[in-house]
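>>> Prediction below, plus the sequence it came from.
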Amino acid sequence: MKSYYIYTYGCQMNTADSERLSHQLEMVGYIPTEEVETADLIILNTCAVRETAETKVFGRIGELKRLKQKNKDLIIAITGCMAQKNQADMFKRAPHIDIVLGTHNIQHINEMIDEVQRTHQHQINVDMDNTVLPELKAKPNGTFFAWVPIMNGCNKFCTYCIVPHVRGREISRPVEAIVKEVTELGAKGFKEITLLGQNVNSYGLDFKNGTDFGTLVDALDGIPGIERIRYMTSHPQDMTKSMIDALGRSSNIVTHLHLPIQSGSNRILQKMNRHYTVEHYKELLEYCRKTIKDVVVTTDIIVGFPGETDDDFAETLQLLKDVRYDMAYTFIYSKRSGTPAATMDEQVPEEVKRVRLQQLMDVQNEISLDLNKEMENHVFDIIVEGPSAKDETMWFGRTSGNKMVLFPKDESLAVGMTVPVYIDKAQTWVCYGTIQKR
Ligand code: SAH
Ligand code: SF4
Ligand code: F3S
């Protein structure tokens, strides 16, 4: 029996791809292992969104050289966005790699492995000519939640972002294929799914037949067993009122909305090629808050985009205070070669970026805490996910709004159960609660 080990970096799209790689490997007899030292196949499913992501992977690839020296038959495969970005250069930087497999080609993993075994030569497939997404089965890691990719690629070309370059143009999966997968998941006992796309609000537009994200949301409503449908990521440009109406009327769409703004300055948003203004964004959000009951809103923000002045940054801080996000994922702008922003003038010094990031986090943390405090002394339904990594006596779960709640372990609980929990104490990142007996 041959064993495999997968390291997954980057976003949920990669997690979903890893589960699809696992399924294919297990179909030909590979078994998963926790011991990278003795694995016969090691896959690094990589991310290229920021330089730090790539540095991490190169570090790991370097460490694997030792294993390859010990075991000449070990196969090392690099998949994902960094494989797509760097292509054959990966072999130059690290000749001990065997396979470079791009983002459109994970359905070919087994053939590539066979070729390596037959020829003992480097194998590469970074073609990006898919026009239809391959329907690949997954081996879900969880027992009650699963990732469901609804599209791949991105047509937006934000000037800082590598994703459109490494994932290609938007290709949507047909509504029927998604409904079928979700129905099967529901029948198998899965309760929570997350619909994945770089920009879910442009889902279906490539069919040019009137299908959009709202169509999909409606089609997924009421599938037996599916209690919660998460979705990410939303983009303010393509999010329409009719989609928000669909989110509002759905019985299983969650109350969490992740709506990245990136900057609070219209000048910077324009340089980022985001295609909306702060005013439009706020209007949209107001409609969401009116339409989706108890919506919990989170965002992404980049600090230190080229040309960002103190005034631009002050506008971002002000935006946080105006909007009051439940949480903001904050990033220091990272130069990605090949993107327009990489060659823009007025790159912001690292030190300035770091100071801005800290300021942003300080403002946001206070708001997050305030909003979490409003949850205290109220009861929320959570789905039990399992023991907390830090404290074995505590378990955790999430609310529909994606708030993490910790509570004392209780023998009557099992992973995947939906239970009401009374929030006793809120912190910035988590809440502590007590399970209510029904
Ligand atoms: N498609 C999604 C998210 C893509 S990547 C969207 O449009 O929101 C996730 C986040 O990484 C982005 O929202 C952005 O905030 C950040 N990001 C992308 N490229 C970056 C870069 N070059 N430097 C820093 N952060 C970046
Ligand atoms: Fe990147 Fe912009 Fe596409 Fe998101 S919408 S993946 S940030 S190009
Ligand atoms: Fe990274 Fe690719 Fe996702 S670049 S963030 S893994 S789409």
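Received, thanks. Ligands and ions are numbered 1, 2, ... in the order given.

>>> Near the closest residue to F144 other than its chain neighbours, how many other residues are there?
Nearest non-adjacent residue to F144, counting by CB to CB, 6 or more residues apart in numbering: G416, 3.5 Å away. C-beta here means a position set from N, CA and C on the backbone, and glycine is covered the same way. When neighbours are defined as other CB atoms under 10 Å, G416 has 18 of them.

>>> does G416 really touch I382, like I thought?
No. Contact between G416 and I382 fails when scored by CB atoms under 8 Å: they sit 11.2 Å apart.

>>> V297: which element?
Element membership of V297, judged by DSSP states H and E, is strand 296-303.

>>> export that strand as PDB, just CAs?
C-alpha atoms of strand 296-303 as PDB (Å, rounded to 0.1, in the frame of the first residue of the first chain):
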ATOM      1  CA  VAL A 296     -22.800  39.500  10.500                       C
ATOM      2  CA  VAL A 297     -20.500  41.400   8.200                       C
ATOM      3  CA  THR A 298     -16.700  40.800   7.700                       C
ATOM      4  CA  THR A 299     -14.300  42.200   5.200                       C
ATOM      5  CA  ASP A 300     -10.800  42.200   3.800                       C
ATOM      6  CA  ILE A 301      -8.500  45.300   3.800                       C
ATOM      7  CA  ILE A 302      -5.100  45.900   2.300                       C
ATOM      8  CA  VAL A 303      -2.800  48.500   3.800                       C
END
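
>>> quick one: that strand near ligand 1?
Yes. Using CB under 6 Å from any ligand atom, strand 296-303 reaches ligand 1 at D300, I302.

>>> and the next helix or strand after that strand, how far from the chain's centre?
Next in sequence after strand 296-303, counting helices and strands by DSSP H and E, comes helix 310-323. Relative to its chain's centre, helix 310-323 lies at 25 Å (CA atoms, centre = their mean, to the nearest Å).

>>> same check, this time on stretch 27-44
24 Å.

>>> returning to that earlier point: contact partners of the strand holding V297?
By CB atoms under 8 Å, 6 or more residues apart in numbering, the residues outside strand 296-303 that reach it are 160, 233, 255-263, 272, 285, 288-289, 313, 316, 320, 323, 325-333, 353, 356-357, 360, 399, 401-403.

>>> among those, which are in reach of ligand 1?
Answer for the contacts of strand 296-303 near ligand 1 (CB under 6 Å from any ligand atom): Y160, T233, P260, Q262, F331, Y333.

>>> with these in mind, which one is nearest to Y7?
Nearest to Y7 among those: F331, at 21.6 Å, using CB to CB.

>>> which SSE is the nearest residue to G204 once chain neighbours are set aside in?
In this structure, G204 finds its nearest non-sequential neighbour in T211, 3.6 Å apart by CB to CB, 6+ apart. Per DSSP H and E: T211 is located in neither a helix nor a strand.
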